[in-house]
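Asks: Got a predicted model here, sequence first, then my questions.
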Amino acid sequence: DTNTTNRNFSVVYMGSGYEDSQAFTRYWCIRHNISALIITSVFIGICLCGLVGNMVVMRFLGFHMKRTPFTVYVLNLAIADFSLLLCLLVILTLFSILTFYEIYSRDYRLSYYFLMVLFLFFYYASMYLLTAMSIERCTSVL
């Protein structure tokens with residue numbers, strides 16, 4: 001004898017017990033997104049200033065100065081830093097747009113991965129150039 005009873009499983013909404021808990025969560029998320037946008041906009045401004053500075057260095061060393069081994073190092077360092085800041089600017093702009101519109105998909109994560117690989121490449125290139133410049137200066141003193 002199988003006992004079959006009709007069970008109605010119903011989904012009951014269970015809140016936190018407070019009337020305005022959803023409104024609090026929604027406003028907290030909006031404040032969180034706005035603070036993230038403010039921070040990224042400050043970083044975007046810093047990146048733009050760095051881009052302008054590196055452009056001035058590249059123009060000055062590339063077109064107006066005599067080329068020596070040290071100026072070639074500095075020119076290559078300016079190019080690596082310019083590329084690093086440009087990549088960081090694209091990453092921050094993409095992050096702020098996605099945060100503002102709350103878009104998260106696989107395509108954007110894939111582009112983040114690609115941009116982060118480029119960012120790390122330019123970062124390590126500038127670090128290795130700084131190391132090479134330091135070693136050359138130290139050996140010239142010795």
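Replies: Sure thing, it's come through.
Asks: tell me what the helix or strand that contains residue 140 is packed against?
Replies: Here residue 140, judged by DSSP states H and E, is contained in helix 106-141. When contacts are defined as 3 or more CB pairs under 8 Å, 6 or more residues apart in numbering; DSSP states H and E, helix 106-141 sits against helix 69-101. For glycine as for every other residue, the C-beta is placed from the backbone atoms N, C-alpha and C.
Asks: quick one: buried residues of the helix it packs on?
Replies: Residues of helix 69-101 classed as buried by neighbour count (16 or more other CB atoms under 10 Å): 73-89, 91-92, 95-96, 99.
Asks: Next, the angle helix 106-141 makes with it.
Replies: Going by axes from the mean of the first three to the mean of the last three CA atoms, to 10 degrees, helix 69-101 is angled at 160 degrees with respect to helix 106-141.
Asks: Can you pull out the low-pLDDT segments for this protein?
Replies: 1-32, 100, 102-107 (pLDDT under 70).
Asks: Distance of residue 114 relative to residue 138?
Replies: Distance from residue 114 to residue 138, counting by CB to CB, to the nearest Å: 37 Å.
Asks: for residue 66, helix, strand, or coil?
Replies: Look at residue 66: counting by DSSP: H, G, I helix; E, B strand; the rest coil, its state is coil.
Asks: where does it sit relative to residue 72, distance-wise?
Replies: From residue 66 across to residue 72, the span is 11 Å (CB to CB).
Asks: With residue 117 instead?
Replies: As for residue 117, its distance to residue 72 is 27 Å (criterion: CB to CB).
Asks: same thing with residue 113?
Replies: According to CB to CB, residue 113 stands 33 Å off from residue 72.
Asks: Apart from its neighbours in sequence, what residue is nearest residue 51?
Replies: Take residue 51 and drop its neighbours on the chain: the residue closest to it by CB to CB, 6 or more residues apart in numbering is residue 85, 5.1 Å away.
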